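S.K.: let me see the structure of the following:
(2 chains)
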Amino acid sequence: GDSVTQMEGPVTLSEEACLTINCTYTATGYPSLFWYVQYPGEGLQLLLKATKADDKGSNKGFEATYRKETTSFHLEKGSVQVSDSAVYFCALSENTGTASKLTFGTGTRLQVTL
Amino acid sequence: DAGVIQSPRHEVTEMGQEVTLRCKPISGHDYLFWYRQTMMRGLELLIYFNNNVPIDDSGMPEDRFSAKMPNASFSTLKIQPSEPRDSAVYFCASGGNQETQYFGPGTRLLVL
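M.R.: Here you go, the predicted structure:
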């Protein structure tokens, strides 16, 4: 079945440091890929997505590129802020063009300090 | 748009009591999902609906859990009887003609 593997946390960085959170996936078809973010005490929010190979999703300074050859969708940001402290979830959906079951990774907690 | 609305936001109950969690999806969305989040098990999909019909309930832990969607604007997740191991944050999410799901703020349940 489908699965998503993301790096263990927590990740602790100083403000303005570079961030990479690794995510790899296993899927039978051509999934859409997502990064969701969960701030303390809140629900998950879509951060960015990509629906086909070589697409780059971006939002709020975060980027991730859909790499079919390495089955990866790593999350990157050039300069993190304290306000980026949250839990980040990588996810995939087998269906395109409609909502359907998402397969989530276990989440990676990011803590950014001054 | 008000987003996905869940109630209550917090619930504390005693073992054996019935618990009902409520969700109002975003208007126009025809998919609705119920998730449970715990430290030990992470985020688990319990059940999801399409056009008010349950599509996949394979994540429902046992017969004590039931979910309904009587109309397009309302869904409930019921636990009867509740047990301490049901303590978790329960999220509702909705989606439409894109792959994105929109999550509610969650209901934090504590069963004593």
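
S.K.: can you point out the buried residues in the helix or strand of chain A with the lowest mean pLDDT?
M.R.: Least confident helix or strand, chain A: strand A:102-104 with a mean of 88, by mean pLDDT, DSSP states H and E. Residues A:102, A:103, A:104 are the ones in strand A:102-104 that count as buried (16 or more other Cβ atoms under 10 Å in any protein chain shown). Where you see a C-beta, it was placed from the backbone N, CA and C, and this is true even at glycine.

S.K.: what helices or strands is the helix or strand following it leaning on?
M.R.: Proceeding C-terminally, strand A:102-104 gives way to strand A:108-113 as the next helix or strand, assigned by DSSP states H and E. When contacts are defined as 3 or more Cβ pairs under 8 Å, 6 or more residues apart in numbering or on different chains; DSSP states H and E, strand A:108-113 packs onto strand A:11-14, strand A:19-21, strand A:86-93.

S.K.: okay if I get those as a markdown table plus mean neighbour count?
M.R.: Below are the helices and strands packed on strand A:108-113 laid out as a markdown table (neighbours: other Cβ atoms under 10 Å in any protein chain shown):
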| stretch | mean neighbour count |
| --- | --- |
| strand A:11-14 | 14 |
| strand A:19-21 | 17 |
| strand A:86-93 | 24 |
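
S.K.: isn't residue A:32 right up against residue A:51?
M.R.: Yes - the pair residue A:32 / residue A:51 is scored as a contact, 4.5 Å apart, by Cβ atoms under 8 Å.

S.K.: between these two, which one's more packed in?
M.R.: Neighbour comparison, residue A:32 and residue A:51: the larger count goes to residue A:32, with 24 against 17 (by other Cβ atoms under 10 Å in any protein chain shown).

S.K.: you'd agree residue B:52 is up against residue B:69?
M.R.: Yes - the pair residue B:52 / residue B:69 is scored as a contact, 4.6 Å apart, by Cβ under 8 Å.

S.K.: OK, contacts around the residue sitting nearest the centre point of chain A?
M.R.: Of all residues in chain A, the one closest to the mean position by Cα atoms, centre = their mean is residue A:35, 3.1 Å from it. Going by Cβ atoms under 8 Å, 6 or more residues apart in numbering or on different chains, residue A:35 touches A:23, A:46-49, A:57, A:62, A:64, A:73, A:75, A:88-91.
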